[in-house]
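Visitor: Quick one, what's the 3D model for this:
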Amino acid sequence: MNLEQARENMIKQQLRTWEVLDEQVLELISQVPREDFVPPAYKNLAYGDVPLPIGEGQTMMNPKQEAHIIQAIKVQSNEDVLEVGTGSGYLTALLAKQAKHVYSVEYYDSLLEQAREKLSQQGINNVTLEQGDASQGWSARSMYEVIVITGSIPILPQIFLDSLTIGGRLFAIIGDYPLMEATLITRTGNTEWSTDVLFETELPPLVNAPQSEQFVL
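Guide: This next block holds a predicted model:
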């Protein structure tokens with residue numbers, strides 16, 4: 001299979017038709033080989049419009065979701081990023097190509113070590129990988145310009161909003177199945193945030209994601 005052609009087709013047929021039109025984002029995605037981050041058994045599906053299993057019951061987002069995240073948060077070269085859920089390491093790589101530094105937290109040690117090896121093979125060294133449960137925030141550093149949560153969450157803990165610098169952006173997919181919304185939140189003041197719902201989608205939940213109250217009749 002010609003993976004370079006598959007990557008080009010993915011950009012034209014999936015990303016552009018799904019309103020991922022930022023040329024810098026498309027160029028970034030064309031430069032990072034997604035096939036190097038998927039499990040070997042699924043290499044030929046690296047550019048398909050499907051989530052892929054990566055182990056530990058976890059899945060890799062589809063390319064459209066990943067591209068929309070990068071387009072929405074607009075990471076700058078002087079910014080620090082917190083990524084909650086390293087997963088395959090592919091989104092970590094995209095973030096690292098734009099950011100000053102990425103702090104990425106993964107619940108499963110096996111996935112973390114796989115991502116560490118893949119990032120090293122790509123020569124990406126502005127990433128700090130840590131194992132732990134960041135579903136209720138991550139206090140290794142106090143403030144971040146950008147936060148990306150890579151699993152869906154029914155409710156967004158306030159600690160994530162408080163961990164944004166003023167002008168900082170957070171991307172999360174918020175809600176319960178089947179209604180989940182890809183949401184961009186920007187901190188506009190000490191106690192002020194603006195919210196922009198980007199699109200509806202579905203994504204498996206973040207490990208230990210805080211749950212909304214369930215009403216029982």
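Visitor: for residue 73, phi and psi?
Guide: Residue 73 adopts backbone torsions of phi -90, psi -20, taken as degrees, to the nearest 10.
Visitor: residue contacts, it?
Guide: 146, 148, 169, 171, 184 (Cβ atoms under 8 Å, 6 or more residues apart in numbering). For every residue, glycine as well, the C-beta is placed using N, CA and C.
Visitor: The closest residue to it other than its chain neighbours sits in which helix or strand?
Guide: Leaving out its chain neighbours, the residue that sits closest to residue 73 by Cβ to Cβ, 6 or more residues apart in numbering is residue 169, at 4.8 Å. Here residue 169 sits within strand 164-176, counting by DSSP states H and E.
Visitor: gap between whichever helix or strand comes after that strand and the chain center?
Guide: Counting by DSSP H and E, the next helix or strand C-terminal to strand 164-176 is strand 179-189. The chain centre lies 14 Å from the centre of strand 179-189; the measure is Cα atoms, centre = their mean, to the nearest Å.
Visitor: now stretch 24-39
Guide: The answer for stretch 24-39 is 14 Å, by Cα atoms, centre = their mean.
Visitor: Determine how far the last residue of that stretch lies from the first.
Guide: 27 Å (Cα to Cα, to the nearest Å).
Visitor: which parts of it are buried?
Guide: Neighbour counts using 16 or more other Cβ atoms under 10 Å place 25, 26, 28, 29, 32, 33, 34, 35, 36, 37, 38 of stretch 24-39 among the buried residues.
Visitor: So residue 35 sits against residue 48, correct?
Guide: No. Under the criterion of Cβ atoms under 8 Å, residue 35 makes no contact with residue 48, lying 11.0 Å away.
Visitor: Spit out the contact partners of residue 181.
Guide: 173, 174, 175, 197, 198, 199, 200, 201.
Visitor: Okay, residue 96 and residue 119: tell me how far apart.
Guide: Residue 96 sits 7 Å away from residue 119 when distances are taken as Cβ to Cβ, to the nearest Å.
Visitor: Now for the two: what residues contact both?
Guide: Among the neighbours of residue 96, those also in contact with residue 119 (Cβ under 8 Å, 6+ apart) are residue 127.
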